[in-house]
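Asks: pasted the sequence and its predicted model underneath.
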Amino acid sequence: MTQASEAAFNAIVVFDIDGVVRDVSGSYRRALADTVEHFTQGAYRPSSEDMDALKSEGIWNNDWEASQELIRRYSQTQGQNELDCAYEEIVAFFQSRYRGPDPNHLTGYICQEPLLMSAAYIEQLSQANIGWGFFSGATRISATYVLQARMGLKSPLLVAMEDAPGKPDPTGLLKTVEHWETQGSATATTPVFYVGDTVADMQTIAKAQQIQPDRTWLAVGVLPPHVQTTPEPREAYATTLKQAGAIAVFEQVEQLTPDTIRQLMGS
């Protein structure tokens, strides 16, 4: 699915992928826990709360680095300066769980991810003359797999891990907006939404606002499925996203309809 417009878009919506487009609680997060458990020799497997607490710091959007940091912190609690493992080993083990042993033939946890967004929803945005794209810390092969092979989108605008620095650096978000400006589908004042599920996602919008203060930048939070099982963690997570800058927080990304986008622009 591609997008073209004779007039400038009414708005641009850029989506994170993990926790927004797909449920990664049984894939990325499971691979992260597996990795930490493996490199602590089975002594420590981080809980969902442990991972959320780390992510709330706003600087651990990369799950490989998050794995390394949890391993490092555990080693410190044991009176060790550092466990004997290299970053490259952490990445390789993580990927063996997430993608599978053969990077050209995906067989790992990635194959089990429930989708949280449909191609029909993206078509609704296009019909409302709303531009869209994806900026994610996921690798390109992983992001392309979910967007094209699973969702069925044709050549979606995507800025992946290999294309820009990690969030909250806004470079990748700015690149998606620049693409539409180059195509003539957006102007210097077209409002931009970024939809994500972490503190780093919300901070990305704030940093973009600092670079381009004349444009309206709006952060929208989405609650990842793993925090929606009971009211207390759901409300706490929503509060965290709002404190980080979210103008609104939804339980599901498709609640951000064209009508809701117009309302948020008006507010």
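Replies: Cool, the structure landed. Numbering: from 1, shown residues only.
Asks: burial of the closest residue to N129 other than its chain neighbours, as a residue count?
Replies: Once flanking residues are discounted, N129 sits nearest to N10: 5.1 Å by CB to CB, 6 or more residues apart in numbering. Bear in mind the C-beta positions are built from the backbone N, C-alpha and C, glycine included. N10: 17 surrounding residues under other CB atoms under 10 Å.
Asks: was I right to think N10 contacts Q127?
Replies: No - applying CB atoms under 8 Å, one finds N10 not in contact with Q127, separated by 11.3 Å.
Asks: same for the longest helix belonging to the chain, what does it pack against?
Replies: When the chain is parsed with DSSP state H, its longest helix is helix 63-77. For helix 63-77, the elements it packs on are helix 28-39, helix 48-55, helix 87-98, judged by 3 or more CB pairs under 8 Å, 6 or more residues apart in numbering; DSSP states H and E.
Asks: which residues sit against the second one?
Replies: In this case it means helix 48-55. For helix 48-55, the surrounding residues in contact (CB atoms under 8 Å, 6 or more residues apart in numbering) are 25, 29, 32-33, 46, 60-61, 66, 69-70, 198-200, 226-227, 237.
Asks: looks like Q252 contacts L116 (just checking).
Replies: Yes - with contact defined as CB under 8 Å, Q252 reaches L116; the gap is 6.7 Å.
Asks: which of the two has more neighbours?
Replies: L116 (22 against 14).
Asks: phi, psi for that one please.
Replies: Note on L116: its backbone torsions stand at phi -110, psi 0 [degrees, to the nearest 10].
Asks: for it, give me its contacts.
Replies: G19, V20, V21, R22, D23, P225, Q252, V253.
Asks: local confidence estimate at the residue lying closest to the third one once chain neighbours are set aside?
Replies: In this structure, V21 finds its nearest non-sequential neighbour in M117, 4.7 Å apart by CB to CB, 6+ apart. Reading off the per-residue confidence, M117 sits at a pLDDT of 98.
Asks: what about M117, distance to E254?
Replies: 6 Å (CB to CB, to the nearest Å).
Asks: also E235?
Replies: Here E235 is placed at a distance of 21 Å from E254 (CB to CB).
Asks: give the buried residues for the helix or strand where E123 lies.
Replies: Per DSSP states H and E: E123 is located in helix 119-127. Neighbour-count burial for helix 119-127 flags A119, Y121, I122, L125, S126 (criterion: 16 or more other CB atoms under 10 Å).
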